[in-house]
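[1] The sequence and its predicted three-dimensional model are supplied below.
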Amino acid sequence: MGKLISIIVAVGIFAAVLIFGGAFYIVNESEQVVITQFGKPVGDPITTPGLKIKTPFLETANYFDKRFLAWDGEPKQVSTRDKRFININTYARWRISDPLQYAKSLSDESRAKNRIGSVLEGATQNAIAKHDLIELVRTTNRDYIVNNEDTNDQSSKEKTLIKSGRDELTREILEIAKSSTSELGIEILDFQFKRINYVPEVRKKVYERMVSERKRIAEEFRSQGAGESARISGQKDRDLKEITSDAYRRSQEIKGKADAKAANIYAAAYNKDPAFYRFMRTMEIYGETLDKETILVLSTEGDFLKYLGSVK
């Protein structure tokens, strides 16, 4: 009986040592563990979830996240190759690819983010310094027209082509960051620009230039409108002259036909009774030329006096 009690007590002591000495630990699906002994990693990393066992009191379980982690950079002021000062804000996604190497070199997420930040910010500044601003804000050579500042002709324009573009620039930064952080046991999965903007001093000048450009475009439209108005007015004047000329021609034709018809009527009347026709024409002429204050001195041989005498 005493031996049984001794065995139970020994087993209880052993179980207590295992439990309270930290022999058991649990690994979740989103975690990976590196076992260290007196601060030095021992064995392979544990990446499978479940209940695990380690040497109590001597070994320590160090938990590291197995998921994708975020890094958000602070806004920075940098200069492009064409001497444009801009503010940039970037972000990246990373993960612990080699937990054993990570435990040896960093072992802490805050230290890892600081190291990632120094690598990415340095790579970003170097990459931007080697490219013009237009390559940072554009990704393709789609149709894009800008003013040609090298000429005095404001209407002259040129198509600006980019050699790499923002996508290529981000890939370049990502490759540099990957090569610089691979020995730390971490992998940079993605890198992107969150925001790109001019510094306040340059932004004001850019806005002024945009306003000036829009005013120039408005003046071009006004000039085109004035030219179109002049063209329409000239066309209207030409059409009006053509219509007036055609109407005058037609009126003259009608008048000529009417005069010819009247002449035919006069000729027919003359042929029918020449004496009466002469009398009527003479009366019409005197009626057109004489008024109440006109005094006529007639000869006895005149036709008008003869007509008056014949009337009596």
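    Okay, I see it.
[2] care to break the chain down by domain?
    The chain resolves into domains spanning 2-65, 69-198, 246-311 when parsed by automatic domain parsing.
[3] So which of the ones you listed is nearest residue 209?
    domain 69-198 (9.1 Å; Cβ to Cβ). The way it works is simple: take the backbone N, C-alpha and C, and place the C-beta from them, glycine included.
[4] starting at the chain centroid, how far to the closest one?
    A distance of 22 Å separates the centroid of the chain from that of domain 69-198, by Cα atoms, centre = their mean, to the nearest Å.
[5] Would you mark the buried spots in stretch 129-146?
    Under the neighbour-count criterion of 16 or more other Cβ atoms under 10 Å, stretch 129-146 has 131, 132, 133, 134, 135, 136, 138 buried.
[6] where exactly do the helices run in the stretch 101-250 of the chain?
    Using DSSP state H, counting those that start in this stretch, the helices found in the stretch 101-250 of the chain span residues 109-129, 133-137, 166-181, 200-272.
[7] ranking these by mean pLDDT, which is last?
    In terms of average pLDDT, helix 133-137 trails the rest of these, at a mean of 83.
[8] circling back: just name the most buried of the domains of the chain.
    With neighbours taken as mean count of other Cβ atoms under 10 Å, the domains of the chain reach their highest mean count in domain 69-198, at a mean of 16.
[9] What distance separates the opening and closing residues of that one?
    When the termini of domain 69-198 are compared using Cα to Cα, to the nearest Å, they are 29 Å apart.
[10] repeat for stretch 80-90
    Start-to-end span of stretch 80-90 (Cα to Cα) is 16 Å.
[11] Contacts made by that stretch with the rest, please.
    Identification of contacts with stretch 80-90 by Cβ atoms under 8 Å, 6 or more residues apart in numbering yields 73-79, 120-121, 124, 128-133, 136, 191-199, 201-202.
[12] Poorly predicted segments of the stretch 51-200 of the chain, please.
    Across the stretch 51-200 of the chain, the ranges flagged by pLDDT under 70 are 142-161.
[13] Put together CSV for the domains of the chain, with distance to residue 208 on each row.
    CSV is the format used below for the domains of the chain (distance: least, Cβ to Cβ, whole Å):
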stretch, distance to residue 208
domain 2-65, 49
domain 69-198, 12
domain 246-311, 57
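[14] Of all the ones you listed, which one is nearest residue 217?
    domain 69-198 (10.0 Å).
[15] re the thing from before, JSON lines for the helices of the stretch 101-250 of the chain, including distance to residue 68?
    Shown next, in JSON lines, are these (distance: least, Cβ to Cβ, whole Å):
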{"stretch": "helix 109-129", "distance to residue 68": "13"}
{"stretch": "helix 133-137", "distance to residue 68": "26"}
{"stretch": "helix 166-181", "distance to residue 68": "15"}
{"stretch": "helix 200-272", "distance to residue 68": "35"}
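[16] mind checking which of those is nearest residue 69?
    When the helices of the stretch 101-250 of the chain are compared by Cβ to Cβ, helix 109-129 sits nearest residue 69, at 7.3 Å.
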